[in-house]
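Chemist: have a look at this prediction, sequence included:
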Amino acid sequence: MKIVIIGAKASGKSSLGRELARLLQIKYCETDSLLEDMYYKDTGRSQSCKEIFDILGKEDFRKLEEKAVQAAADLDWQLIITGGSTFISPANRKILRKDSVLIYCCCTTEVLLERLAETTTPETGLSKTVFLEWYKKDIAQKNELYSTFADIIINTGKKNPADLARQTEQLLSEELAVRCTAANTYGKIIRLTTFGESHGPALGAVLDGLPAGINIRENDIQTELDRRRPGQSSITSPRREKDKIHILSGVFNGKTTGTPIALIIYNKDSDSAKYEPIKDLFRPGHADFTFWQKFFNRDYRGGGRSSGRETAARVAGGAIAKKILRQRGVSFYAHTIAIENITAGKIDYEQIEKNEIRCADADAAAEMIKAVAQARAEKDSVGGIVQLEIHGLPAGLGDPVFAKLDARLTQAIMTIGAVKAVEIGQGFAISKMRGSKANDNIRKEGFLSNNAGGLLGGITTGQPLIMRAAVKPTPSVARQQQTIDRYNRNSMISVAGRHDPCIVPRIIPVMETMAALVVLDAWEIQKKLHPGSLAENNNKV
């Protein structure tokens, strides 16, 4: 992340930048100074930017300026003060805009001219009248361009730099707060951004933060998508989507290049016709009402971004994280432990992918499938509970207080639309236990129980990490229900179309891949903060 200050010459960039850097206690650099230093290293001559421009000419000067801009951009967590015309170059704009907050310093032409007169005399060879006409036009063009790209605009006017810095600090806080709530990206180092809608042309994801050289094939991703896709069994939506993955960038010759990995899945079997008759009605249990209240606009064709189909993009990105963790000895086992009032009595991981409901108990699975079929016959739906187990985690993964691994995992799983509750280890049941029974006693051979679910203080113990999620019944049902329309008029609704009578078996790969993204991100954070700690303390209990 960088803070970049742009503006015309004499707009107060340097004064504000230096004061702001002092206030924020971060380093700062000026692209003009970097350019002058580069020229000195190349020639052994100390010259100002203007002198260098006159010597090199416009074309060569811009090439050197671009090198200076790139050098500044490579300095992370820095405040960068640009030259008066630096941001005009498209190449420089592209470099400076990446991972940055752009602050545009502006003021009236009269103030700029007044400041210029105090510091330098423009040597243009133009008459004063012609120069003023040219200068006003130049400032107007810069203002139009700079204000378009700026995240924050500061009128430097007559205020002193200290006051301007405090004003800018407040606006920076507000800008960063907004960015932190940009809810389409997950992760700190391993970052996944998803896009697309259920009935749009495509869904996709951009996975960033992976190093180069990791073996990735489309089949690694397709295997997980096939577990999530609709139309795979008699108890899922009959929508016939193959969910074929296409890798657009970031992988070459089967290996990651270290650049963002762009993934896309084209929608091939969307049918919006069933939504036309109910486009003005809010479907109970869906996000139709809340999206309308927030945005005053919504994609009524299946809910758009609030549709469960959005999770296909998560699975695509998370599949890569899951493969990387598998190579580190970590395994994910999510399985259905309850559907309606039917619960599994035993766990046999070999059974999970052998039945449509993905239950690790073959006998219970048969009863669960019957319950789903009955709900579908009655134009209704059922929910259930999924248990997620993560095996092979080293002890010591996660951070205290606000970055506890269980806090990050539960937050990630709760972002899945159908999930309404999450518990770790014994969860709510531990509230009924005595402390002496709830505590996981320890011997030199290891822990004697796992009531905590593999986490203490938000940090892994080396035991299997156990969590469960409550999945609500699919809200789209063909039964008549009460609702209102967008004009606040009472109405009745029956939701026709191709819907899952139970979303539980298809949510299982979503939970696994979301958890994989969390664990991999936490692992990479750990490597940055405490290099070697996991390798040295890889105790599995």
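Modeler: Everything's here; your move.

Chemist: tell me which residues form a beta bridge with the most centrally placed residue in the chain?
Modeler: Nearest residue to the geometric centre of the chain (C-alpha atoms, centre = their mean): Thr185, 1.4 Å. For Thr185, the beta-bridge partners under DSSP bridges are Thr193.

Chemist: and it, what does it touch?
Modeler: Arg191, Leu192, Thr193 (C-beta atoms under 8 Å, 6 or more residues apart in numbering). In short, each C-beta sits where N, CA and C put it, glycine included.

Chemist: burial of the last one, as a residue count?
Modeler: Translated: Thr193. Residues contacting Thr193 under the criterion other C-beta atoms under 10 Å number 18.

Chemist: relative to Lys9, how far out is the residue lying farthest from the centre of the chain?
Modeler: When distances are taken from the C-alpha mean of the chain, Ser127 lies farthest, 54.5 Å away, according to C-alpha atoms, centre = their mean. Applying C-beta to C-beta, to the nearest Å, the value for Ser127 to Lys9 is 20 Å.

Chemist: Glu310 now?
Modeler: For Glu310, the distance to Lys9 - C-beta to C-beta - is 47 Å.

Chemist: hang on, the earlier thing: just the closest of the contacts of Thr185 to Gly453, please.
Modeler: Taking C-beta to C-beta as the measure, Gly453 lies nearest Leu192 of those, at 24.6 Å.

Chemist: do a quick rundown of the helices in the stretch 1-150 of the chain.
Modeler: 13-24, 31-43, 49-56, 58-73, 90-97, 109-119, 128-149 (DSSP state H, counting those that start in this stretch).

Chemist: ok, residues contacting stretch 368-382?
Modeler: Here stretch 368-382 has contacts from 234-235, 336, 339-340, 342, 355-357, 359, 384, 473-479, 499-502, using C-beta under 8 Å, 6+ apart.

Chemist: the domain parsing of the chain - what is it?
Modeler: 2-180, 185-536 (automatic domain parsing).

Chemist: in terms of mean pLDDT, which of these ranks lowest?
Modeler: If you rank the domains of the chain by mean pLDDT, domain 2-180 sits at the bottom with a mean of 87.

Chemist: among the contacts of stretch 368-382, name the ones in helices.
Modeler: Here DSSP state H is the test, and these give no hits in helices at all.

Chemist: buried ones among those?
Modeler: The neighbour-count criterion (16 or more other C-beta atoms under 10 Å) marks 235, 336, 339-340, 342, 355-357, 359, 384, 473-477, 499-502 among those as buried.

Chemist: CA atoms of stretch 276-287 as PDB?
Modeler: Taking C-alpha atoms only, stretch 276-287 is exported to PDB below (Å, rounded to 0.1, in the frame of the first residue of the first chain):
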ATOM      1  CA  GLU A 276     -39.900 -12.200 -15.000                       C
ATOM      2  CA  PRO A 277     -43.400 -12.700 -13.300                       C
ATOM      3  CA  ILE A 278     -41.900 -12.100  -9.800                       C
ATOM      4  CA  LYS A 279     -39.300  -9.500 -10.700                       C
ATOM      5  CA  ASP A 280     -41.000  -6.800  -8.500                       C
ATOM      6  CA  LEU A 281     -41.600  -9.200  -5.500                       C
ATOM      7  CA  PHE A 282     -39.200  -9.900  -2.700                       C
ATOM      8  CA  ARG A 283     -38.600 -13.700  -2.300                       C
ATOM      9  CA  PRO A 284     -38.800 -14.600   1.400                       C
ATOM     10  CA  GLY A 285     -35.500 -15.900   2.800                       C
ATOM     11  CA  HIS A 286     -33.500 -14.300   0.000                       C
ATOM     12  CA  ALA A 287     -31.500 -11.100   0.000                       C
END
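
Chemist: pull the residues that contact that stretch.
Modeler: 288-289, 292, 300, 303, 306, 417, 472, 475-476, 481-487, 491, 493, 495.

Chemist: show me which positions of it end up buried.
Modeler: Ile278, Leu281, Phe282, Arg283, Pro284, Gly285, His286, Ala287.

Chemist: please apply the same query to stretch 65-81.
Modeler: Applying 16+ other C-beta under 10 Å to stretch 65-81 flags Glu65, Glu66, Ala68, Val69, Ala71, Ala72, Ala73, Gln78, Leu79, Ile80, Ile81 as buried.

Chemist: residue contacts, the last one?
Modeler: Meaning Ile81. So Ile81 contacts Ile5, Lys13, Ser14, Gly17, Tyr28, Cys29, Glu30, Thr31 (C-beta under 8 Å, 6+ apart).

Chemist: could you redo the last one with a cut-off of 10 Å?
Modeler: 3-7, 13-18, 20-21, 28-33, 72, 103, 105 (C-beta atoms under 10 Å, 6 or more residues apart in numbering).

Chemist: do the second one as well
Modeler: For Glu66, the set of contacting residues under the criterion of C-beta under 10 Å, 6+ apart consists of Thr31, Leu35, Thr86, Ser89, Ala91, Asn92, Lys94, Ile95.

Chemist: change it to 7 Å
Modeler: Contact analysis of Glu66 by C-beta atoms under 7 Å, 6 or more residues apart in numbering lists Ser89, Ala91, Asn92.

Chemist: so the first one touches Arg62, yeah?
Modeler: Yes: applying C-beta atoms under 7 Å, one finds Ser89 in contact with Arg62, separated by 6.2 Å.

Chemist: quick one: which of those two has more around it?
Modeler: Set Ser89 next to Arg62 and count neighbours by other C-beta under 10 Å: Arg62 wins out with 18 against 15.

Chemist: you'd agree Gly392 is up against Gln327?
Modeler: No: counting by C-beta under 7 Å, Gly392 stays clear of Gln327, with 10.9 Å between them.

Chemist: just to revisit the earlier point, what about the residue farthest from the centre of the chain, distance to Ala117?
Modeler: Distance from Ser127 to Ala117, by C-beta to C-beta: 16 Å.

Chemist: now do the buried residues in the longest helix that the chain contains.
Modeler: Taking DSSP H as the criterion, the chain has its longest helix at helix 504-529. By 16+ other C-beta under 10 Å, the buried positions in helix 504-529 come out as 504-526.

Chemist: do stretch 141-157 as well
Modeler: Within stretch 141-157, the residues that count as buried by 16+ other C-beta under 10 Å are Lys142, Asn143, Tyr146, Ala150, Asp151, Ile152, Ile154, Asn155, Thr156.

Chemist: nothing else from me, thank you.
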